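Asks: Sequence unavailable; structure follows:
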């Protein structure tokens, strides 16, 4: 009965991609730890880029700089 | 000073239900562990059904199948 | 399929008290949101008192002051 | 490579304030634990006031009472 | 720069299994969302079986019953 | 009433360093968001280096390689 929380920035993750993350994570836990998919929770949090900081900067600023 | 995080799918939890969860959780921690309500935090996260997976499927898909 | 995380300081919570927290939380989610106990996760984290701060102090210091 | 999660109520935190939290937290971890800013994550969660309870009440109710 | 938190019960997960979870999760996020492994955090929490409840019972009790 | 969770690898953080993190974080939230220290929680999680992965590797492996 694993609980997996995947946190990524909110930058257009599609329903299909979310489904791929859910399947991939569940299969990984089954393969490595023999966990039952029926009680494996995978929860995806999408965080606004203003709210995610790395290297003293928000991702919003980093993206803006990357666009130049 | 407990911190309790309740994560549920975003499926129309009302303000009254949230209040009932806050009261019920706080009372439980007071009753069982004698914790002071004044410093008991209860935080409810509501997660989109696309973003919550169980048994290799998103809750969105499970709900759709359940409706047939 | 709720996920509930209860975080408290590591100060001798007994197995019976943990069981009471698990039952009480599960019953609350069943009563208020009609959630199925079979897929309700309740996870208790016990945090060292050095590692929990409130009012700019660790709980270890607060307990020491309280003992005078 | 610290991961810092700051949870506050959703009450109008500006982009500038978020940037100040990101910088301040990253600098603190560099100063105290010599952690590399390049792999220091700071993530801010803003929680609806209905969804945050303290002293058996939601913050929404507490704010309403405070306004009298 | 994803942050992935995998929570499982503390039941003898080996270093090799943890490495497999870290690799598998990182590869999944690279494959599905094109995330850079250099800034992908995977953190595994192992929770005591007394501290993990499902279906109103701790995992400790469930394991005991399963052994009959 | 902020809740701040600081997750770092378990590599000998002293009680004094933890106190500095608690004070620094609480002061930052007071300075930036005018939050009351009396209801500001700062919780430090120390994670085993086997259990923290970055760039497809556990921190245990990375430290071993760094020592050559």
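Replies: Done, it's in. Remember, predicted model here, so these are calculated numbers, not experimental data.
Asks: roughly how far apart are residue A:53 and chain E?
Replies: In this view, residue A:53 and chain E are 10 Å apart by CB to the nearest CB, to the nearest Å. C-betas here are computed from N, CA, C, even on glycine.
Asks: Okay, buried residues for the lowest-mean-pLDDT helix or strand in chain A please.
Replies: Least confident helix or strand, chain A: helix A:59-67 with a mean of 93, by mean pLDDT, DSSP states H and E. Of the residues in helix A:59-67, A:59, A:60, A:61, A:62 count as buried by neighbour count, 16 or more other CB atoms under 10 Å in any protein chain shown.
Asks: does chain D sit close to it?
Replies: Yes. Contact between helix A:59-67 and chain D, assessed by CB under 8 Å from any CB of the partner chain, occurs at A:60, A:61.
Asks: and that helix, what other elements does it pack with?
Replies: Helix A:59-67 is packed against strand A:52-54, with contacts defined by 3 or more CB pairs under 8 Å, 6 or more residues apart in numbering or on different chains; DSSP states H and E.
Asks: if you average pLDDT over the strand it packs on, what comes out?
Replies: Strand A:52-54 shows an average pLDDT of 98 in the prediction.
Asks: same question, stretch A:30-47
Replies: 98.
Asks: count of residues packed around residue A:31?
Replies: Residue A:31 has 12 neighbouring residues, counting by other CB atoms under 10 Å in any protein chain shown.
Asks: Helix, strand or coil: sort out it for me.
Replies: helix (DSSP: H, G, I helix; E, B strand; the rest coil).
Asks: So which residues on chain A come close to chain D?
Replies: A:7, A:47, A:50-58, A:60-61.
Asks: Between those residues, identify the one with the most neighbours.
Replies: Greatest neighbour count in the residues of chain A next to chain D, by other CB under 10 Å, goes to residue A:53: 29 neighbours.
Asks: show me the contacts for that one.
Replies: Counting by CB atoms under 8 Å, 6 or more residues apart in numbering or on different chains, residue A:53 touches A:59, D:18-19, D:21-23, D:25-26, D:40-44.
Asks: Run through the bridge partners of it.
Replies: Per DSSP bridges, the residues bridged to residue A:53 are residue A:58, residue D:42.
Asks: Check the spacing between it and chain C real quick.
Replies: Residue A:53 sits 21 Å away from chain C, going by CB to the nearest CB.
Asks: what's the answer for residue A:22, then?
Replies: 13 Å.
Asks: Grab the nearest non-local neighbour of that residue.
Replies: Sequence neighbours aside, residue B:53 is the residue nearest to residue A:22 in space, at 3.1 Å (criterion: CB to CB, 6 or more residues apart in numbering or on different chains).
Asks: Ok, residue A:35 next?
Replies: Counting by CB to CB, 6+ apart, residue A:35 lies nearest to residue A:29, which is 4.2 Å off, once chain neighbours are set aside.
Asks: tally of neighbours for the one you found?
Replies: Around residue A:29 there are 23 residues (other CB under 10 Å).
Asks: Might you report the residue contacts of it?
Replies: Residue A:29 neighbours (CB under 8 Å, 6+ apart): A:2, A:4, A:35, A:40, E:6, E:8, E:21.
Asks: Let's see that with 10 Å instead.
Replies: A:1-2, A:4, A:35-37, A:40, A:42, E:6, E:8, E:21, E:24-25 (CB atoms under 10 Å, 6 or more residues apart in numbering or on different chains).
Asks: ok, now residue A:45?
Replies: A:5-8, A:10, B:7, B:45, B:47-48, B:51, D:43, D:45, E:3, E:5.
Asks: if we take the buried residues of helix A:59-67, which one ends up nearest to chain B?
Replies: Closest to chain B out of the buried residues of helix A:59-67 is residue A:59 (18.8 Å), distances taken as CB to the nearest CB.
Asks: And residue A:13, how far from residue C:53?
Replies: Distance, residue A:13 to residue C:53, by CB to CB, to the nearest Å: 34 Å.
Asks: Can you say which helix or strand has whichever residue of chain A sits closest to chain F in it?
Replies: Residue nearest to chain F within chain A: residue A:7 (11.8 Å; CB to the nearest CB). Here residue A:7, judged by DSSP states H and E, is contained in strand A:3-9.
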